[in-house]
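Q: Below are the sequence and a predicted model; questions follow.
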Amino acid sequence: HNGLKDIDSTAGHRDYARLRFGIGDDFQRGKQVEHVLGNWTFKEEELLTEKLSNCRKIIQSCGTIGIERTMSIYNNT
């Protein structure tokens, strides 16, 4: 990921928290780019709204109770 390489280079380290957002596995091998950048289905758009709401809660949680407690609550959900 060139974006992460740029952040690493700018920061001078890799010691930072990041929120990872998966793309699933409903695509053929080697077709990740088309899957991510292609047109979304109505179902995927609905799911995105839900996922973004959850991301907002996770970010707020990190700011209030810290990353360790947040990870124990939200990882694998």
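A: Structure received.
Q: what's around the nearest residue to residue 23 once chain neighbours are set aside, how many residues?
A: In this structure, residue 23 finds its nearest non-sequential neighbour in residue 36, 5.6 Å apart by Cβ to Cβ, 6 or more residues apart in numbering. Using the backbone N, CA and C atoms, a C-beta is placed for each residue, glycine as well. For residue 36, the neighbour count with other Cβ atoms under 10 Å is 11.
Q: and if you look at residue 70?
A: When neighbours are counted by other Cβ under 10 Å, residue 70 registers 20.
Q: Kindly format the C-alpha coordinates of whichever strand or helix holds it as CSV.
A: Here residue 70 is covered by helix 67-74, with elements defined by DSSP states H and E. Taking Å, rounded to 0.1, in the frame of the first residue of the first chain, the C-alpha atoms of helix 67-74 are listed here in CSV:
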residue,chain,number,x,y,z
ILE,A,67,-7.1,1.8,21.9
GLU,A,68,-6.5,-1.3,24.0
ARG,A,69,-10.0,-1.4,25.5
THR,A,70,-11.5,-0.4,22.1
MET,A,71,-9.7,-3.3,20.4
SER,A,72,-11.0,-5.8,23.0
ILE,A,73,-14.5,-4.6,22.4
TYR,A,74,-14.6,-4.3,18.6
